[in-house]
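Engineer: What would the 3D arrangement of this be:
(one chain, ligands or ions: 1)
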Amino acid sequence: MLGLMQDAPLLLSGMLEHGARYHGDQLVVSAGLDHGIERLDFRTLAQRCRQLASALLAEGCRPGEVLGSLSWNHHRHLEVFHAVPGAGMVLHTANPRVFPEQIAYALNLSRARWLFVDPDCLELAERLAPDLEHVETWILLARPEDMPATTTLPDPLCYEDLLASGKADWAWPSFDERTASTLCFTSGTTGPPKGALYSHRGSVLQAMAVAGAGVQAYGADDVLLVPAPLFHCNGWSTPYTCPMTGARLVFPGRELEPARLLRLIVEEGVTFAMAVPTVWLSILEILREEGGDLGRLGRIVTGGTAPPEAMMAELERDYGVRSIHAWGMTETTAMATYSHIPPGTPPADRIAIRARQGIPMQGSEVRIVDDEGHPLPRDGAAIGHLQIKGHWMVRDYFRRDDVRLTDDEGWMETGDVATIDSAGAMRITDRSKDLVKSGGEWISSIDLENAAAGHPDVLEAAVIAVPHPKWQERPLLLIVPRPDRAPTAEELRDFLATKVAKWWLPDEIVFVDELPHTATGKVLKTALRERYAKP
Ligand code: ADP
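Structural biologist: Numbering: from 1, shown residues only. Okay, the predicted model is just below:
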């Protein structure tokens, strides 16, 4: 027997219109634009999205087709982000930070005919143009007065002119909630980037789970700073959760320079911020050097890579900022698990629990399996390949029939290696390709990095496996010291000996001025292996 409930497709346009109607005065703040900060309220945002959507359809865009964007975070990109899927098209958010060949590969695969270009990415777009096989129409995300005097792009349209030709009272169409909404590619550190094609249903459920399940639980009093780019993992779902909850959205723009972010946090009264650990590490470094505080900031979400415990402890102890540690990947739309502190946990144990990637949000499930695919116990000790399934996990890669991502039961390979304890909390020990296998036993590069990052003279740490004649592999530790500090290898080894097993201690420690990072703020271990791990 079916329930007698009303039924309507879960569409992203509903989230936008909710924000316009019930939180209409709330703002999207776009900093980092050449002409200064722009502030736009949710009512106007939704109206502009309707105008854009109707203008695109009038210009000949067809529901179901893919349109591309090459842009940093600001309200114009956010409008495209809502208008294109809202009208039944798909937005492919290309990542301007990856190699041009990878951008061209992805845009050719998605066959985007239209490309929205940030004025700041104009040069990149001009360079890419000859290699883009399908793009016919270029739209510069600019005001008429900011259009370039000359460009090699063929007759680019001015975004604001296009938008002005649309209808403010246009009504969003209804369609199947499984319709594709956005397309996002992995950074492609191993092989060509792979596309994750999200759907309205998956994105709505993910946003509801994040904002409603108490994981982040922000509301209309909150001001969210989002350095996490819209082009990666749906901007950690903030384009949807903010209109849904009425929280203010602050986009810092392209430059994620820590001093600027710190200023924005204080000046805009940011209460909640989302960024990868490197951003927080460098902000803490400034605060330590120059003093000051984090204003109204009370909570952060951090993830993308494992945050050092020392960083979370310092944020909480010295600045009263609580860290919510999240795990996710391009293939899981945005975050899928979060650190959960069970009630009654003694304060002294909380940071260690926060360092775990935590429990899945309702709507997703995780497990670990051995090399043959047999499930392993949830005892906090067994280490296995992490698999996930749920409403917002990708089933297959976009136009890649040659790669199998999920098994017949819907379990998706994550490429991560983890433990799960009896309370269900997951702890990522490594990406499978980053594991160090020494004498047949695994050494967790994440645990070793975390331990090293706890040393007071260490700014950043990375561990890679290097070949070893007797032990197959041994860990090599790379250290970026804090400014004006010069720890020795011996001091570090003594420090680590109090934190990890003796056989984990790196034989070699290399001091470097900086570490290479991926487009999404992770240490680029492929580059480190290339340089330091050649047999
Ligand atoms: P990229 O495009 O850089 O590969 P993804 O976001 O898809 O970006 O990367 C996902 C991977 O990042 C995960 O499989 C995992 O290895 C790592 N990761 C993400 N969040 C965390 C976290 N909180 N702790 C440890 N690793 C993480």
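Engineer: how close does K389 sit to the ligand?
Structural biologist: Going from K389 to the ligand by CB to the nearest ligand atom, to the nearest Å gives 15 Å. Any C-beta I mention is one placed from the backbone N, CA and C, and that applies to glycine too.
Engineer: Are we agreed that that residue is in a strand?
Structural biologist: Yes - counting by DSSP: H, G, I helix; E, B strand; the rest coil, K389 is found in a strand.
Engineer: Tell me who's in contact with it.
Structural biologist: Going by CB atoms under 8 Å, 6 or more residues apart in numbering, K389 touches S364, E365, T406, E409, G410, W411, M412.
Engineer: If any of these are buried, put those into a ChimeraX selection.
Structural biologist: Remark: buried members of those, expressed as a ChimeraX selection using 16 or more other CB atoms under 10 Å:
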select :364,406,411,412
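Engineer: so of the contacts of K389, which ones are in strands?
Structural biologist: Applying DSSP state E to these, the entries found in strands are S364, E365, M412.
Engineer: wait, which of the residues you listed is closest to R431?
Structural biologist: Set against R431, the nearest of the ones in strands among the contacts of K389 by CB to CB is M412 (15.0 Å).
Engineer: Now do the same contact list for the residue nearest to that closest one when sequence neighbours are not counted.
Structural biologist: Distances taken as CB to CB, 6 or more residues apart in numbering put T406 closest to M412, at 4.7 Å, once the chain neighbours are dropped. Counting by CB under 8 Å, 6+ apart, T406 makes contact with K389, M393, R395, D396, M412, E413.
Engineer: re the thing from before, tell me which two of the contacts of K389 sit farthest apart.
Structural biologist: Pairwise distances among these were taken by CB to CB; the largest, 14.2 Å, belongs to S364 and E409.
Engineer: the longest helix in the protein is where?
Structural biologist: If you go by DSSP state H, the chain has its longest helix at helix 42-58.
Engineer: hey, C-alpha coordinates of that helix in PDB?
Structural biologist: Extracted in PDB, the C-alpha atoms of helix 42-58 (Å, rounded to 0.1, in the frame of the first residue of the first chain):
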ATOM      1  CA  PHE A  42      18.700  36.400  -2.000                       C
ATOM      2  CA  ARG A  43      15.600  38.000  -3.500                       C
ATOM      3  CA  THR A  44      17.600  39.700  -6.200                       C
ATOM      4  CA  LEU A  45      19.800  36.600  -6.700                       C
ATOM      5  CA  ALA A  46      16.800  34.400  -7.500                       C
ATOM      6  CA  GLN A  47      15.400  37.100  -9.800                       C
ATOM      7  CA  ARG A  48      18.600  37.300 -11.700                       C
ATOM      8  CA  CYS A  49      18.800  33.500 -11.900                       C
ATOM      9  CA  ARG A  50      15.300  33.400 -13.500                       C
ATOM     10  CA  GLN A  51      16.400  36.200 -15.900                       C
ATOM     11  CA  LEU A  52      19.500  34.300 -16.900                       C
ATOM     12  CA  ALA A  53      17.700  30.900 -17.300                       C
ATOM     13  CA  SER A  54      15.000  32.400 -19.500                       C
ATOM     14  CA  ALA A  55      17.600  34.300 -21.600                       C
ATOM     15  CA  LEU A  56      19.700  31.200 -22.200                       C
ATOM     16  CA  LEU A  57      16.600  29.200 -23.400                       C
ATOM     17  CA  ALA A  58      15.600  32.200 -25.600                       C
END
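Engineer: which residues are contacting that helix?
Structural biologist: 16-17, 19-20, 23-28, 40, 63, 67, 75, 78-80, 82-84, 86-87, 89, 114, 162-172, 243, 246.
Engineer: Separate out the buried members of these.
Structural biologist: 16-17, 19-20, 23-24, 26-28, 40, 67, 75, 78-80, 82-84, 86-87, 89, 114, 162-163, 166, 170, 172, 243, 246.
Engineer: Of those, which belong to helices?
Structural biologist: In helices, defined here by DSSP H, the members of the buried ones among the contacts of helix 42-58 are 16-17, 19-20, 75, 78-80, 82-84, 86, 162-163, 243.
Engineer: Also within reach of the ligand: list those from the residues you listed.
Structural biologist: Among these, no residue sits close to the ligand (CB under 6 Å from any ligand atom).
Engineer: Which strand or helix spans L224?
Structural biologist: Assignment of secondary structure by DSSP states H and E places L224 within strand 223-225.
Engineer: now that strand, how far from the chain's geometric center?
Structural biologist: Relative to the centre of its chain, strand 223-225 is centred 16 Å away, using CA atoms, centre = their mean, to the nearest Å.
Engineer: Adjacent strands (with direction) for it?
Structural biologist: Paired strands of strand 223-225, with direction, are strand 248-251 (parallel), strand 272-274 (parallel) (DSSP bridges).
Engineer: who touches the following helix or strand past that strand?
Structural biologist: For strand 223-225, the succeeding helix or strand toward the C-terminus, using DSSP H and E, is helix 233-236. With CB under 8 Å, 6+ apart as the test, helix 233-236 has contacts from 73, 81, 182, 184, 198, 203, 206, 226, 228-229, 240, 274, 301, 328-330, 333-335.
Engineer: I'd like to check which residues are in contact with L91.
Structural biologist: V66, L67, G68, S69, V80, F81, V84, P85, S181, T182, L183.
Engineer: Does the ligand have contacts with stretch 324-335?
Structural biologist: Yes - contact of stretch 324-335 with the ligand (CB under 6 Å from any ligand atom) involves H325, A326, W327, G328, M329, T330.
Engineer: quick one: N73 from F398, how far?
Structural biologist: 23 Å (CB to CB, to the nearest Å).
Engineer: These two: who's more crowded?
Structural biologist: N73 (28 against 20; other CB atoms under 10 Å).
Engineer: Disregarding residues adjacent in the polypeptide, which is nearest to that one?
Structural biologist: Leaving aside its sequence neighbours, N73 sits nearest to F251 (CB to CB, 6+ apart; 3.9 Å).
Engineer: helix/strand/coil for the nearest residue to D421 once chain neighbours are set aside?
Structural biologist: What sits nearest to D421 in space, not counting adjacent residues and going by CB to CB, 6+ apart, is G380, at 3.5 Å. When classified by three-state DSSP, G380 comes out as coil.
Engineer: Among the residues of stretch 324-335 next to the ligand, which one sits closest to P156?
Structural biologist: Distance to P156, by CB to CB, is smallest for T330 among these, at 29.1 Å.
Engineer: V223 and A418: what is the separation?
Structural biologist: Counting by CB to CB, the gap from V223 to A418 is 34 Å.
Engineer: make that F42, sorry
Structural biologist: According to CB to CB, F42 stands 39 Å off from A418.
Engineer: what lines up beside the strand or helix carrying L459 in the sheet?
Structural biologist: Element membership for L459, per DSSP H and E: strand 458-468. Neighbouring strands of strand 458-468 in its sheet, by DSSP bridges, are strand 472-481 (antiparallel).
Engineer: Show me which residues of the partner strand are buried.
Structural biologist: E473, R474, P475, L476, L477, L478, I479, V480, P481.
Engineer: Can I get those in a markdown table including distance to the ligand?
Structural biologist: Below are the buried residues of strand 472-481 laid out as a markdown table (distance: CB to the nearest ligand atom, whole Å):
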| residue | distance to the ligand |
| --- | --- |
| E473 | 19 |
| R474 | 22 |
| P475 | 17 |
| L476 | 19 |
| L477 | 18 |
| L478 | 18 |
| I479 | 19 |
| V480 | 19 |
| P481 | 23 |
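Engineer: ok, back up a step: and the residues of stretch 324-335 next to the ligand, which two are furthest apart?
Structural biologist: Longest span within those, CB to CB: H325 and T330, 18.5 Å.
Engineer: ok, the two, which is more surrounded?
Structural biologist: Neighbour count, other CB under 10 Å: between H325 and T330, H325 has more, with 25 against 20.
Engineer: since we're on the closest residue to that one other than its chain neighbours, how many residues are nearby?
Structural biologist: Using CB to CB, 6+ apart and skipping residues adjacent in sequence, the residue nearest H325 is S339, 4.0 Å away. For S339, the neighbour count with other CB under 10 Å is 26.
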